[in-house]
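Q: What follows is a predicted protein model with its sequence.
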Amino acid sequence: MATMDICIVAGQRPDLLRKTLESFAAGLFQHFDIATCYANIDPIFGDRSQGDAAENVVKDFFPNADVHRPQTPQFCTAIKHLWRASRSNVIFHLEDDWVLNQNLKPADILPFFETQSIAQVSLNHVEKQWDFTKGPFQEKDVKRRFLGLSFKTGKKFPCFTTSPSFIRGEFARNASVFLDERYDPEKQFYKGVNQQLERYVSPYRNYLYGQGRPFVITDTGRDWRDARNISKTIINHTSVWETTTGKDLQES
């Protein structure tokens, strides 16, 4: 058995969170030796009682979980808190709106971390639509502009994700120091908005696990939002949740 920490980012959506944890408990958690579960429950998408219910859901699966309940919702702040709090050599990062479609055991994942340059093993899902003919590493082309034209340099830059993934603990803790709370955390790794973070992560790689079908995980949050007329938009590298009334729910 391999020891790791669990980091859970959640809102006040206890029913959705329970389905997520039931799925991952059955297919992943039971195969690992869990050191500590760290959970951040932001005051978003529900009232205080639903936040209490979400905390109880976490405690149902991890009775000794370290649960953080901030006063205001902020996705990047949640990521920073959780990653910085972790202690294990490997952490599993999870959001409250995914389900796992297959069993994952230590032997499936941990050997990748024997390669020192691999800092993250992320799980393939339909929204990625990754072209594995280009290889299993998530990266983007480095481009330059000349005389008003954009062209590829032939170099690649690594992309990292805040979707469900295994992360080298030291990498996550160091990256958390550089995360800028003003911006969406995922965009900061490669969008040119956080040069310090990009310099830190540049030697590392993100391996995408799960070539072929079925996909390893499924996003349940999109249907949940659509049923409630909640949309997500990106404004100045920041995620903003809005209802059809135009009311902002969260900036992350």
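A: Perfect, thanks for sending it.
Q: which residues of the stretch 101-250 of the chain fall in strands?
A: Secondary structure of the stretch 101-250 of the chain (DSSP state E, counting those that start in this stretch): strands located at 118-123, 139-146, 149-158, 165-168, 205-209, 217-219, 230-235, 238-243, 248-251.
Q: Buried residues, stretch 85-100. List them.
A: 85-86, 88, 90-100 (16 or more other Cβ atoms under 10 Å). Bear in mind the C-beta positions are built from the backbone N, C-alpha and C, glycine included.
Q: Sitting in strands, which of those do you find?
A: Applying DSSP state E to the buried residues of stretch 85-100, the entries found in strands are 90-95, 98-100.
Q: want to throw those into JSON lines with distance to L21 and pLDDT?
A: Below are those laid out as JSON lines (distance: Cβ to Cβ, whole Å; pLDDT from 0 to 100):
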{"residue": "V90", "distance to L21": "19", "pLDDT": "97"}
{"residue": "I91", "distance to L21": "16", "pLDDT": "98"}
{"residue": "F92", "distance to L21": "12", "pLDDT": "98"}
{"residue": "H93", "distance to L21": "14", "pLDDT": "98"}
{"residue": "L94", "distance to L21": "8", "pLDDT": "98"}
{"residue": "E95", "distance to L21": "11", "pLDDT": "97"}
{"residue": "W98", "distance to L21": "10", "pLDDT": "97"}
{"residue": "V99", "distance to L21": "10", "pLDDT": "97"}
{"residue": "L100", "distance to L21": "10", "pLDDT": "96"}
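Q: Make a markdown table from the residues you listed and add distance to P63 to it.
A: As requested, those are exported to a markdown table (distance: Cβ to Cβ, whole Å):
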| residue | distance to P63 |
| --- | --- |
| V90 | 22 |
| I91 | 19 |
| F92 | 18 |
| H93 | 21 |
| L94 | 18 |
| E95 | 21 |
| W98 | 22 |
| V99 | 23 |
| L100 | 22 |
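Q: And the furthest pair within those residues?
A: By the measure Cβ to Cβ, V90 and V99 form the most distant pair in these, at 21.6 Å.
Q: Work out for me the element the residue lying closest to A172 once chain neighbours are set aside sits within.
A: What sits nearest to A172 in space, not counting adjacent residues and going by Cβ to Cβ, 6 or more residues apart in numbering, is W83, at 4.1 Å. Per DSSP states H and E: W83 is located in helix 75-85.
Q: and that helix with strand 90-95, angle?
A: Helix 75-85 and strand 90-95 are oriented at 160 degrees to each other (axes from the mean of the first three to the mean of the last three Cα atoms, to 10 degrees).
Q: Show me what helix 75-85 is packed up against.
A: strand 3-10, strand 33-41, strand 66-68, strand 90-95, helix 169-178, helix 185-188 (3 or more Cβ pairs under 8 Å, 6 or more residues apart in numbering; DSSP states H and E).
Q: Let me see the residues that make contact with stretch 26-36.
A: 1-6, 61-62, 64-66, 86-88, 92, 100-106 (Cβ atoms under 8 Å, 6 or more residues apart in numbering).
Q: Please pick the buried ones from those residues.
A: Neighbour counting with 16+ other Cβ under 10 Å marks 2, 4-6, 61-62, 65-66, 86, 88, 92, 100-101, 104, 106 as buried within the contacts of stretch 26-36.
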